[in-house]
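Novice: next come a sequence and a model predicted from it.
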Amino acid sequence: MKTDVEELSPTRVKLTIEVPFEELKPSLDKAYREVARQVRIPGFRPGKVPPRVIDARIGRSAVLEQALTDAVNEFYGKAITEQEVVPLSQPDVEVTRIEDGKELAFTAEVDIRPEFDLPDLESLSVTVENAEVDPDQVEQYLGGLRERFASLKGVERPVENGDYVTIDLAASIDGTVVEDAQATGISYEVGSESMLDGLDEALTGMSAGESKTFTAELAGGEQAGMEADVQVTVNSVKVKELPQLDDEFAQSASEFDTVGELRASTRKQLESMRQAGQAGQARERLLGALIDQLDIPLPERVVAAETDQRRHNLQDQLDRAGLTMQSYLESADKTAAQLEEDFENDSRRSVTAGFILDKIVKQEDLTVTNEQLGEFVAEQAYRMGVAPDQLAQQITDGGQLSAVVADVLRGNALTWLAEHARVVDEAGRPVDIAREDAEADAEAEAEVEEADGDEPADSDED
């Protein structure tokens, strides 16, 4: 077999492959066996028809045609291996010559990875947000915790903004009751503007037992969009009461005995979250800096395939949510052309990012551990709501293991980049991403050990 490689562009090559006819013998033998099993010729059992009889009755050309597909696939595979060509897509194959007893010649055009050089990765520098937590942020978090433990208390006074009311609603148009616009016992926060326009204004100043009518546009039902007279009746008025931020609250809302311990733990928790955010920002911003810095030629077919996938994913999400593309465009305030432009731009950045991360993997000789694969599968299984073992079996049976390994490797490349580049916070202080990752892993392990320790011990008693 002889192979020539011609570079058509930085992302596409053409292989010209010539195969002496004697090398086609295994494919021809296989084709004869296949044809022998398929044909029915008197005097011969299925699968036992000699080649000379097949040539005479069926024709040599039918055998050559069947052998051709098998041979082209085989010799194309050998050619890309020998020439160290790594294809990114299925090849466009054209048989240029097939002479019985002499030679097979064909060409294969295929997309490949572009060649490019990475800059000095350790000289890259990005800025991330500060991880420090100030007292106001701690109090804001504790305020949210108090909100979760708040209770509602009835009051004997007119409705004010921020109150919680129980109301009945009844809509009518020109004196005719709108059947699908009647509701009773609705709980509503006054001022939230989460229901009908004009409802908050109507409720303000009303007392329990009072009714009032106002005009509003119906939001749903058969008369959606029409103006209607809406009668609102207030059944009860309540205010939210927050618990005192004291030791008693700390004991009821957490595992701590004092509010001081709760504050200290809250600060530590918020700092850990912000440090994890720093690591994520470092990864994202470093990759973005490389994408913007490098002008990498992209295979248009690969970009088109990525764009098609994004379009399909969005349509699938809309279908499952019962929404139309038009409603999505209206909510996003975009035209179809703008959406297509976003798809293509995002696809180009995604393909570029993949090339960069794969290059880092190869350059730094990064690998994947079984533990990392297990963690990846467990995380994906949790998101999908299936058992990890079930997802792992699906990945193996579907031949997707190499794709999973590639995803994990790219994640490892991002981590390597963040841990070796220069990362500073907004105050100009160095941020040690490697140390933060190690601390996060240690905390995760401690949580697992603590959870294991909380399990009840086995009892020997009957």
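Specialist: That came in fine, so what should we check first?
Novice: for the stretch 251-400 of the chain, which segments count as helices?
Specialist: Using DSSP state H, counting those that start in this stretch, the helices assigned to the stretch 251-400 of the chain run over residues 259-293, 300-321, 325-332, 336-363, 370-384, 388-397.
Novice: touching the last one from outside, list them.
Specialist: Counting contacts by CB atoms under 8 Å, 6 or more residues apart in numbering, the residues outside helix 388-397 that touch it are 374, 377-378, 380-381, 384, 400-401, 404. C-betas here are computed from N, CA, C, even on glycine.
Novice: make JSON lines out of those residues and add distance to residue 170, neighbour count and pLDDT.
Specialist: Converted to JSON lines, the contacts of helix 388-397 look like this (distance: CB to CB, whole Å; neighbours: other CB atoms under 10 Å; pLDDT from 0 to 100):
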{"residue": "374", "distance to residue 170": "58", "neighbour count": "12", "pLDDT": "92"}
{"residue": "377", "distance to residue 170": "54", "neighbour count": "19", "pLDDT": "92"}
{"residue": "378", "distance to residue 170": "52", "neighbour count": "15", "pLDDT": "92"}
{"residue": "380", "distance to residue 170": "49", "neighbour count": "16", "pLDDT": "92"}
{"residue": "381", "distance to residue 170": "48", "neighbour count": "17", "pLDDT": "92"}
{"residue": "384", "distance to residue 170": "44", "neighbour count": "11", "pLDDT": "89"}
{"residue": "400", "distance to residue 170": "56", "neighbour count": "12", "pLDDT": "90"}
{"residue": "401", "distance to residue 170": "61", "neighbour count": "13", "pLDDT": "91"}
{"residue": "404", "distance to residue 170": "57", "neighbour count": "18", "pLDDT": "92"}
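Novice: quick check, nearest of these to residue 247?
Specialist: Ranked by distance to residue 247 (CB to CB), the contacts of helix 388-397 are led by residue 378 at 38.8 Å.
Novice: list the contacts of the closest one.
Specialist: Contact analysis of residue 378 by CB under 8 Å, 6+ apart lists residue 388.
Novice: from residue 243, how far out is it?
Specialist: Distance from residue 378 to residue 243, counting by CB to CB, to the nearest Å: 37 Å.
Novice: farthest pair in the contacts of helix 388-397?
Specialist: It's 384 and 401 that sit farthest apart of the contacts of helix 388-397, by CB to CB, at 16.9 Å.
Novice: looking at it, residue 425 is touching residue 275, isn't it?
Specialist: No - Residue 425 is beyond contact range of residue 275, at 10.2 Å (criterion: CB atoms under 8 Å).
Novice: can you map out the strands along this structure?
Specialist: When secondary structure is read from DSSP state E, the chain shows strands at 2-9, 12-20, 92-99, 103-111, 125-128, 151-154, 164-173, 176-189, 211-217, 227-241, 422-425.
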